[in-house]
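K.L.:
Build me a model:
(one chain, ligands or ions: 1)
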Amino acid sequence: MTTKPLDGIRIIDFTHVQAGPACTQLLAWFGADVIKVERPGSGDVTRNQLRDIPDADALYFTMLNSNKRSLTLDTKTPDGKEVLEKLIQRSDVMVENFGPGALDRMGFTWERILELNPRMILASVKGFSDGHHYSDLKVYENVAQCAGGAASTTGFWDGPPTVSAAALGDSNTGMHLAIGILTALRGRDQTGKGQKVAVSMQDAVLNLCRVKLRDQQRLERVGYLKEYPQYPHGTFSDAVPRGGNAGGGGQPGWVLKCKGWETDPNAYIYFTVQDHAWAPICRALGRPEWIDDPAYNTPDARQPHIFEIFKTIEEWLADKTKYEAVDILRKFDIPCSPVLSMKEIARDESLRKSGSIVEVDHPKRGKYLTVGSPIKFSDLKPEITASPLLGEHTDDVLAELGYDADKIATFHAVGVV
Ligand code: COA
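P.N.:
Numbering: from 1, shown residues only. Below is the predicted model of the structure:
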């Protein structure tokens, strides 16, 4: 077996649903021994949510818990607490994303954890940061997207705030937490001491909405935002508006119809009008007269009739599929992509080859697809293994903690594990 960078790091995975599990799954791929602690009998709620095969763990669970071990443990019983204490003494990191105060109520305050293991890193996800006026709230994905500025700035100007399909609140927060954990592990190498790491879902969403806070300040200074569709003919209020599919930076762009859009909801491309690609764009469209026309040849000149330009591009796209269009545009170095459906992504050979989409064999489900590591290394190729069955490793972990077979049998008999 080859060595992995996080070999030797033991993580107590006291997480559930998506935000915490996404974090610990990533660390498991990179070699950490991740022990998922779950309530006996039921386990992580996602094992049962949105099941597509009766009696087999749901994809919601399997796709967020690969490469882990599962220990069932009732941590509200005295025996369960004792087991968790032993685990804390032998582990490097504990990750949790319970509702506010749940860990304290269980008796595992930060002070108690430090007492048990001064080298412990306690990593938490909460909806809002400590001391925030909403810090008592329980939070799910879309709540975080609304609280972090994503929803108010997403969608069309004549529609309501809109959430993204991307898990900006859940998996994104987990990824931030993983960075925090690795930083704390590096810090521990230097000081010998553990520490508490926390990421709130609101903050993690906000971190991805950085450019919208940029826009708020620009709006307050000048009263308009040139790259938004509202400019120059519409109106601006005093808050960043929803900009539809407009490009977020200095390069205007839009989702444009291709051949077949009338029946295929994904027959579109994203087209970017990059300033220095203006001449190639005009050549690709067969409009060379626009290259030097002062009404078109600078970004400022184009912006007032950007939708007329997009309409012209759509006329050019009318007899081309999204793939044909991109194959032509790529020759002109124009930043663009087909709008890909999940069906197309699931069958994409390149994603399979790179390990970004992986087929995993599960003892109860059979084969299923999951998203592999988006982080690629030159000396590590994460191997994605099946998620554990509920309690699959309970006896192994208890034996590693020094419990003998009789004691383990008693724990089973009284429902501690
Ligand atoms: N043994 C015994 N009890 C256990 C246990 C175990 N192994 N694991 C969990 N529990 C208990 C906890 O102690 C807690 O009990 P308490 O409320 O009596 O103190 C309870 O189970 C879990 O509570 P909670 O985390 O609040 O669950 P919930 O289902 O009510 O709320 C969330 C779910 C996700 C809304 C909430 O956990 C939350 O806000 N988490 C933080 C933000 C987050 O991560 N949200 C997104 C997740 S994708």
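K.L.:
Pull up the residues of the stretch 51-200 of the chain that are close to the ligand.
P.N.:
Residues of the stretch 51-200 of the chain lying near the ligand by CB under 6 Å from any ligand atom: 73-76, 97-99, 102, 105-106, 125-127, 138-140, 170. The way it works is simple: take the backbone N, C-alpha and C, and place the C-beta from them, glycine included.
K.L.:
out of the residues you listed, which are buried?
P.N.:
73-75, 97-98, 106, 125-127, 139, 170 (16 or more other CB atoms under 10 Å).
K.L.:
Which element, helix or strand, includes the residue nearest to Lys331 when sequence neighbours are not counted?
P.N.:
Nearest residue to Lys331, sequence neighbours excluded (CB to CB, 6 or more residues apart in numbering): Ala284, at 7.9 Å. Per DSSP states H and E: Ala284 is located in helix 278-285.
K.L.:
Flag every buried residue along that helix.
P.N.:
For helix 278-285, by 16+ other CB under 10 Å, it's 278, 280-282, 284-285.
K.L.:
Skipping adjacent residues, who's closest to Asp395 in space?
P.N.:
Nearest non-adjacent residue to Asp395, counting by CB to CB, 6+ apart: Ile408, 5.7 Å away.
K.L.:
now do Lys36
P.N.:
Asp13 (4.3 Å).
K.L.:
hang on, that neighbour in a strand?
P.N.:
Yes. Per DSSP: H, G, I helix; E, B strand; the rest coil, Asp13 lies within a strand segment.
K.L.:
Looking at this structure, which residue is nearest the ligand?
P.N.:
Gly99 (2.4 Å; CB to the nearest ligand atom).
K.L.:
what's the burial count for Lys353?
P.N.:
Look at Lys353: counted by other CB atoms under 10 Å, it has 9 neighbours.
K.L.:
Over to Pro294?
P.N.:
Using other CB under 10 Å, Pro294 is surrounded by 7 other residues.
K.L.:
helix, strand or coil for it?
P.N.:
Once three-state DSSP is applied, Pro294 turns out coil.
K.L.:
still on that earlier bit, which ones among the buried ones among the residues of the stretch 51-200 of the chain next to the ligand are found in strands?
P.N.:
Those of these mapping onto strands are 125-126, per DSSP state E.
K.L.:
longest helix in the protein, by residue count?
P.N.:
Across the chain, the longest stretch assigned as helix under DSSP state H is helix 171-191.
K.L.:
on that earlier part again, tell me which residues of whichever helix or strand comes after the helix holding Ala284 come out buried.
P.N.:
Using DSSP H and E, the helix or strand that follows helix 278-285 in sequence is helix 299-302. By neighbour count with 16+ other CB under 10 Å, helix 299-302 contains the buried residues 299, 302.
K.L.:
what separates helix 299-302 from the chain centre, distance-wise?
P.N.:
In this view, helix 299-302 has its centroid 36 Å away from the chain centroid, taken as CA atoms, centre = their mean, to the nearest Å.
K.L.:
Quick one: list the elements packing against it.
P.N.:
Here helix 299-302 touches no other helix or strand, going by 3 or more CB pairs under 8 Å, 6 or more residues apart in numbering; DSSP states H and E.
K.L.:
Residues touching that helix, excluding its own?
P.N.:
With contact meaning CB atoms under 8 Å, 6 or more residues apart in numbering, helix 299-302 is reached by 226, 250, 252, 273, 275, 278, 294-296, 309.
K.L.:
From Ile328, how far off is Trp290?
P.N.:
17 Å (CB to CB, to the nearest Å).
K.L.:
which one of those two has more residues nearby?
P.N.:
A count of neighbours by other CB under 10 Å puts Trp290 above the other of Trp290 and Ile328, at 18 against 15.
K.L.:
So the more buried one is in contact with Pro280, correct?
P.N.:
No. Between Trp290 and Pro280 there is no contact under CB atoms under 8 Å: 11.6 Å.
K.L.:
nearest spatial neighbour of the residue of the chain positioned farthest from its centre, skipping sequence neighbours?
P.N.:
Most distant residue from the mean C-alpha position of the chain: Glu289, 44.6 Å away (CA atoms, centre = their mean). The spatially closest residue to Glu289, leaving aside those adjacent along the chain, is Cys282, at 7.8 Å (CB to CB, 6+ apart).
K.L.:
shouldn't that neighbour be in contact with Asn297?
P.N.:
No. Counting by CB under 8 Å, Cys282 does not reach Asn297; the two are 9.1 Å apart.
K.L.:
Give me the common contacts of those two.
P.N.:
Shared contacts of Cys282 and Asn297 (CB under 8 Å, 6+ apart): 290-291.
K.L.:
if we can go back for a sec, what packs against the longest helix of the chain?
P.N.:
Looks like helix 171-191 contacts helix 19-29, strand 93-96, strand 121-126, strand 196-200, helix 201-208 (3+ CB pairs under 8 Å, 6+ apart).
K.L.:
let's go with 7 Å and repeat that
P.N.:
If contacts are counted by 3 or more CB pairs under 7 Å, 6 or more residues apart in numbering; DSSP states H and E, helix 171-191 sits against helix 19-29, strand 121-126, strand 196-200, helix 201-208.
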